Every structure is written in C-alpha cells, then in structure tokens.
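In: Fold the stuff below for me.
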Amino acid sequence: MSRSHIDVSVLAGEACPVSEVLDHVSGKWSIGILVAAAQGPVRFTELERSITGISRRMLTLNLRKLERDGLLVRTVHPVVPPKVEYTLTEMARELHKALLELTDWAKRNGSTVAAAQAAYDREHKG
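Out: Reported below is the predicted structural model:
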C-alpha cells in the first residue's frame, strides 16, 4: 500500500457521526431557529414571526429536535398564560459561531465559486 493511499472505510466511519450531526443542524429550518435564538431567550411566537415561511407544526417539530439534540433549552415559566422560552446551550453557541464563520466564508468566496461553475459549464457543454 502506498503512503498516499487513504483508507476510505476509516474516513467513512469518522464522517458518519459528522454527517448525522450536520443533517440535524443544516435542515431548512434549524439554522434559522439557531440564529434567531442566539440573541437570547426567545418565545415561540417570536420565532414564528422571525422565520419566514415556517408553519407552527414545523417550528414545533424542529424545536423538539433541537432540544433533543442538546442545542436548545426549553424553559416553562409558571405564569398564566404559560410563558415558554428557548435559549441556546453552550454547544449551540459554539455551533452558531461556526455558522457565522461559514457565512463569512460564503460571502467572501461566493463569486469565485460562481465563476468556477460558469467556467466549468462553458468547458463541458453538451
């Protein structure tokens, strides 16, 4: 086996948990929820208003998923009517920082990627 040979099965084994986590946090609504909750405790109706196009059902499902994944904490305050707030966990705050870095990277490199795609498409017509 050459020194440059990469054991893909080892990489696949390492990538599997990464893929699973990324599937959870990169969903259509998860990122919006995490970004909206990053400013501090946020209520369900605030999330619903701030995330364009999300249904109540989809918001509820995603909040439960993010809470189950350890990214959100749901706090019910004992008042009438009940007041429920969502806050990011430390792990989610770290993820939020990574999302901001990824956003910055996309802004810096988006036009370069688009130019590379256009060049590729011109070279591979037909």
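In: which strands and helices sit next to the helix ranked longest in the chain?
Out: Longest helix in the chain, counting residues (DSSP state H): helix 90-123. Counting contacts by 3 or more CB pairs under 8 Å, 6 or more residues apart in numbering; DSSP states H and E, helix 90-123 packs against helix 30-37. From N, CA and C alone the C-beta is placed, and that goes for glycine too.
In: any residues touching the helix it packs on, and which ones?
Out: The contact list for helix 30-37, computed with CB atoms under 8 Å, 6 or more residues apart in numbering, reads 24-25, 42, 46-47, 50-51, 54, 59, 62-63, 65-66, 71-72, 86-88, 92, 95-96, 99.
In: Could I get the average pLDDT for that helix?
Out: Mean per-residue pLDDT for helix 30-37: 92.
In: The chain should start at 30 in everything you say after this.
Out: Noted, 30 is the first residue going forward, which turns the last one into helix 59-66.
In: Alpha carbons of it, as PDB, please.
Out: Output of helix 59-66 as PDB, limited to C-alpha atoms (Å, rounded to 0.1, in the frame of the first residue of the first chain):
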ATOM      1  CA  SER A  59     -32.800  24.500  12.100                       C
ATOM      2  CA  ILE A  60     -30.300  27.200  11.100                       C
ATOM      3  CA  GLY A  61     -32.900  29.900  11.200                       C
ATOM      4  CA  ILE A  62     -34.000  28.800  14.700                       C
ATOM      5  CA  LEU A  63     -30.500  28.700  16.000                       C
ATOM      6  CA  VAL A  64     -29.700  32.200  14.600                       C
ATOM      7  CA  ALA A  65     -33.000  33.600  16.000                       C
ATOM      8  CA  ALA A  66     -32.300  32.100  19.400                       C
END
